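In: Quick one, structure for this:
(chains A and B)
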Amino acid sequence: MTITEIQNEIIDEFSMFEDWMQRYEYMIDLGKSLPLIENQYKTEDNTIKGCQSKVWVHAEMKGSKVVFTADSDAIITKGIIAVLIRVFSNQTPKAIMDSDTNFIDQIGLKEHLSPTRANGLVSMIKQIKMYAIAYQTQVK
Amino acid sequence: MFDIDKIRKDFPILNRTVNGKPLIYFDNAATSQTPQQVIDVIVEYYSNYNANIHRGVHTLSQEATDKYESARHTIQQHFNANKAHEIIFTSGTTHGINLVANGFEALLQQDDELIVSALEHHSNIVPWQMLCERTGASLKVIPMTEEGELQMDVFDALLSDKTKLVFVNHVSNALGTVNPIKTIIDKAHAFGAAVLIDGAQASPHIKVDVQELDVDFYVVSAHKMCGPTGVGALYGKETWLNKLPPYQGGGEMIAEVSFEKTTYADLPHKFEAGTPNICGGIAFAAALDYMNDIGYHAIASYEAELLDYATEKLAAIEGLRIYGTSKQKTAVISFNIGNIHPYDIGTIIDKLGIAVRTGHHCAQPIMEYYKIPGTVRVSFAFYNTQNEIDSFVEAVKRAAIMLA
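Out: Model prediction:
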């Protein structure tokens, strides 16, 4: 699936929820299915700054695609990063670089984009795109 | 007579909703809310007599100057300072600490020692570390106990003739512990060391008498005590303030300026360079008047009831651990539930209209001591109620179920 297709799928899933409780419960579930980063990659370099909870993201190239794994010590943050990884993992560096993140507004997570929120959603997206840019340079 | 219904009506913000629920504001240790009486003073200032102070010969400037200097007297009386010029207006506690730390650079030598406590906010650690880097003086730490109290026997051992300055908070922002500052001050003085007390967390709950304490410096922020943000006060004994060089240069703080030599103004203006937060200073005094009208005794006993009630309710939640269990506490409870991250609890209960603080509370050494990433911190003010605590406890239980 393309990034846009996956985003639309996620928007559909979230649109079924009537209130924030259900949305958060779903995110917590998603957090539990997060492709976990191996402990050896939980390094300072892979730590995302600007989060109140600890977040690690690791990227590697498998064939022509970037594969992400991650973890966090907070479960809601884990859910947020799980949504991002579902969207961006197993995509080419170019597709990740070219994608937009408007779907976040549409699944009711916009509040997490505010700079006052300490969960670092903005930093996570930035880090994911940075990995893509780095791999794109290697591809060239 | 402490009338909670009447008091709540003074705070317009308490009428608002958050995420469709009535706001329950339990983040008072971060900043307190502002009563209408103080808001009115702010509006009155900008509507009627906004002008720059101390220089103008025109009426508005004189009115603003009178009110600002009268505010200084109100602050002086509140803290029972001996002289009005011992009260320096600052932008807040952090500014006050930096002002003193900067001044001590001229008074320290390489072998000198400074003593800090393990319970400090970063703002009472970092300025001193910077001072140590500049002077070669060293920093010693009074460690804490499991209950969140200072190990006073270690403090005794740390004190020596090399000790030049001791700085401790009156109340810990992360745990609510009330520290034995009178003992600390007396012991430090016996070795000739000066003492700075960070009063940011104590001043909203405890009536402070700087002369009775015999403290050398006491720093506070207006916004913790029903006043506006961006203004605070530094109390300093006249003898110390005269010894310290100015912090910032500029207008207001000079006597005469030439390119050969500038002479500085007398206290308090020596430390008040530039146009100050005039409105903020006046509103700060209005906030003190408001709190004194209610009365610190009434506030303290009401808040103690809230603390006992909430502690009992929270302690009954399975897996909940309270950090900071000193018998001497202000109305602050720091806690975690099992392995649930405090951020998760804060996020869920915010959805229920409840404002708490989560994280390390700018006191990472305390979190390091307990080996935790942070806590959920609830901090009460005299306008909070037991009903709010009931709703909060239900919300925490709900969050714990969701997050388990």
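In: Now for the residue nearest to residue B:359 when sequence neighbours are not counted, how many residues are close by?
Out: Once flanking residues are discounted, residue B:359 sits nearest to residue B:374: 4.3 Å by CB to CB, 6 or more residues apart in numbering or on different chains. Yep, even glycine has a C-beta here, placed from its N, CA and C like the rest. The burial count assigned to residue B:374 is 25, neighbours taken as other CB atoms under 10 Å in any protein chain shown.
In: Check residue B:109 too.
Out: Counted with other CB under 10 Å, the burial measure for residue B:109 works out to 10 neighbours.
In: which residues sit in contact with it?
Out: By CB atoms under 8 Å, 6 or more residues apart in numbering or on different chains, the contact list for residue B:109 reads B:135, B:136, B:137.
In: residues contacting the second one?
Out: Read it as residue B:136. Shown in contact with residue B:136 (CB under 8 Å, 6+ apart): B:109, B:110, B:111.
In: mind giving me CSV with those and columns for pLDDT and distance to residue B:22?
Out: Shown next, in CSV, are these (pLDDT from 0 to 100; distance: CB to CB, whole Å):
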residue, pLDDT, distance to residue B:22
B:109, 93, 57
B:110, 92, 58
B:111, 94, 58
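In: would you turn these into a markdown table with secondary structure?
Out: Formatted as a markdown table, the contacts of residue B:136 follow (DSSP: H, G, I helix; E, B strand; the rest coil):
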| residue | secondary structure |
| --- | --- |
| B:109 | coil |
| B:110 | coil |
| B:111 | coil |
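In: closest to chain A among these?
Out: Of all the contacts of residue B:136, the one with the least separation from chain A (CB to the nearest CB) is residue B:110, at 33.8 Å.
In: I'd say that closest one and residue B:135 touch.
Out: Yes - between residue B:110 and residue B:135 a contact is recorded at 7.0 Å, counting by CB atoms under 8 Å.
In: The two: which is more packed in?
Out: Taking neighbours as other CB under 10 Å, residue B:110 and residue B:135 compare with residue B:135 leading, 18 against 8.
In: gap between that one and chain A?
Out: Distance of residue B:135 to chain A, computed by CB to the nearest CB, to the nearest Å: 31 Å.
In: residues touching that residue, list them.
Out: B:105, B:108, B:109, B:110, B:112.
In: now these in JSON lines, with distance to residue B:49?
Out: Below are these laid out as JSON lines (distance: CB to CB, whole Å):
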{"residue": "B:105", "distance to residue B:49": "39"}
{"residue": "B:108", "distance to residue B:49": "43"}
{"residue": "B:109", "distance to residue B:49": "48"}
{"residue": "B:110", "distance to residue B:49": "51"}
{"residue": "B:112", "distance to residue B:49": "47"}
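In: between those, which is closest to residue B:362?
Out: residue B:105 (23.8 Å; CB to CB).
In: Hmm, residue B:131 and that closest one touching each other?
Out: Yes - Residue B:105 lies in contact with residue B:131 (CB under 8 Å); the separation is 6.1 Å.
In: Who has more neighbours out of the two?
Out: Remark: of residue B:105 and residue B:131, residue B:131 carries more neighbours, 21 against 14, as counted by other CB under 10 Å.
In: gap between the closest residue in space to that one that isn't next to it in sequence and chain A?
Out: Distances taken as CB to CB, 6+ apart place residue B:101 nearest to residue B:131, at 4.7 Å, with adjacent residues excluded. Distance of residue B:101 to chain A, computed by CB to the nearest CB: 27 Å.
In: correct me, but residue B:62 touches residue B:56?
Out: Yes - with contact defined as CB under 8 Å, residue B:62 counts as touching residue B:56 (7.1 Å).
In: What pLDDT does the model give residue A:51?
Out: You'll see residue A:51 listed with a pLDDT of 68.
In: For the host helix or strand of residue A:28, give the mean pLDDT please.
Out: Taking DSSP states H and E as the definition, one finds residue A:28 inside helix A:20-32. If you average the pLDDT over helix A:20-32, you get 89.
In: looking at chain A, which helix or strand is least sure?
Out: helix A:103-106 (a mean of 84; mean pLDDT, DSSP states H and E).
In: now residue 69, nearest residue through space, not along the chain?
Out: The chain I'm using is chain A. In space, and not counting its chain neighbours, residue A:69 is closest to residue A:37: 4.2 Å by CB to CB, 6+ apart.
In: sorry, should have said chain B
Out: Nearest residue to residue B:69, sequence neighbours excluded (CB to CB, 6+ apart): residue B:84, at 7.6 Å.
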